[in-house]
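S.K.: this one's structure only:
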């Protein structure tokens, strides 16, 4: 059986650690690097529910996208059972479950988050959106009405709902950015895109979309990044055929949309 260390090394071949942004925290973040691994659970985030699922399934390792600890978001000042973060860490450690997290390095990587999103949305011949490798740009063989495309995106990504702004253009040349990529809207415009699919867009971005001439679709952070989990599972299964690798069944979109009349 491979060790946690060997699995981390293989994942860094897919998404090199040096490609991560300076503030990020990637790699093996929790547990024993020399622990043999038979079962792996893959999830976008390591939540309490994901930890419970891994323990119940007898997994020795969770591979996630978002870091279980990242001082940019929540500084780790202590590890105590009476805090949310400390309780999660101790639960995993007491049950010998390690955590490997591949974040912005997996966003940038070929075969990573943005390629998984472009593939799910059936973009043709996707290439990089930004000079740093984030995002993808691709096209469709013919124009698609925005209303039809919104329905397609919602269905393809399994969204509970989505937000969008109509700039009065049909959809053909599309930029995608998994997760919070709203800062790259101008890159999409400069690249001649009529539509940008990403997450966590601001009110003012929607307000200005028509004036800037780009359709905006905010399909949600979880739905735009979750497709990468299947890619990670496929990669690990190919590299380590002896591993039992599965996707979390408990982790899903947490944002719900209320519609009047429902």
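M.R.: Ah, there it is. Only a predicted model underlies this, so the values are computations on that prediction, with no experimental measurement involved.
S.K.: ok, and the closest non-adjacent residue to residue 36?
M.R.: Spatial nearest neighbour of residue 36, excluding adjacent residues (C-beta to C-beta, 6 or more residues apart in numbering): residue 1 at 4.2 Å. In short, each C-beta sits where N, CA and C put it, glycine included.
S.K.: Might one say that the one you found is in contact with residue 37?
M.R.: Yes: with contact defined as C-beta atoms under 8 Å, residue 1 reaches residue 37; the gap is 5.9 Å.
S.K.: hey, what's in contact with both of these two?
M.R.: With contacts defined as C-beta atoms under 8 Å, 6 or more residues apart in numbering, the residues shared by residue 1 and residue 37 are residue 243.
S.K.: So if I had to pick from the two, which one is more boxed in?
M.R.: residue 37 (23 against 12; other C-beta atoms under 10 Å).
S.K.: got a list of what that one touches?
M.R.: Counting by C-beta under 8 Å, 6+ apart, residue 37 makes contact with 1, 2, 3, 4, 7, 60, 61, 98, 243.
S.K.: Next step: these restricted to helices.
M.R.: If you go by DSSP state H, the contacts of residue 37 have 4, 7 in helices.
S.K.: From the rest of the structure, what touches stretch 116-127?
M.R.: With C-beta under 8 Å, 6+ apart as the test, stretch 116-127 has contacts from 114-115, 136-141, 152-153, 156-157, 174, 176-178, 197, 224-225, 227-228, 230-231.
S.K.: One more pass at 6 Å, please.
M.R.: Outside of stretch 116-127, the residues within contact range by C-beta atoms under 6 Å, 6 or more residues apart in numbering are 136, 137, 138, 139, 156, 176, 178, 224, 227, 228, 231.
S.K.: Also stretch 90-100?
M.R.: With C-beta under 6 Å, 6+ apart as the test, stretch 90-100 has contacts from 4, 8, 28-31, 35, 46, 51, 54-55, 61-63, 68, 81.
S.K.: And the buried ones among those, selectable in PyMOL?
M.R.: The PyMOL selection below is limited to those of these classed as buried (16 or more other C-beta atoms under 10 Å):
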select buried, resi 4+8+28+29+30+31+35+46+51+54+55+61+62+63+68
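S.K.: what separates the closest residue to residue 235 other than its chain neighbours from residue 197, distance-wise?
M.R.: Leaving aside its sequence neighbours, residue 235 sits nearest to residue 14 (C-beta to C-beta, 6+ apart; 5.7 Å). Counting by C-beta to C-beta, to the nearest Å, the gap between residue 14 and residue 197 amounts to 23 Å.
S.K.: which residues touch the residue nearest to residue 16 when sequence neighbours are not counted?
M.R.: Nearest residue to residue 16, sequence neighbours excluded (C-beta to C-beta, 6+ apart): residue 105, at 6.1 Å. Residues in contact with residue 105, defined by C-beta under 6 Å, 6+ apart, are 15, 17, 19, 20, 26.
S.K.: Next one: residue 105 from residue 70, what distance?
M.R.: On the measure of C-beta to C-beta, residue 105 and residue 70 end up 13 Å apart.
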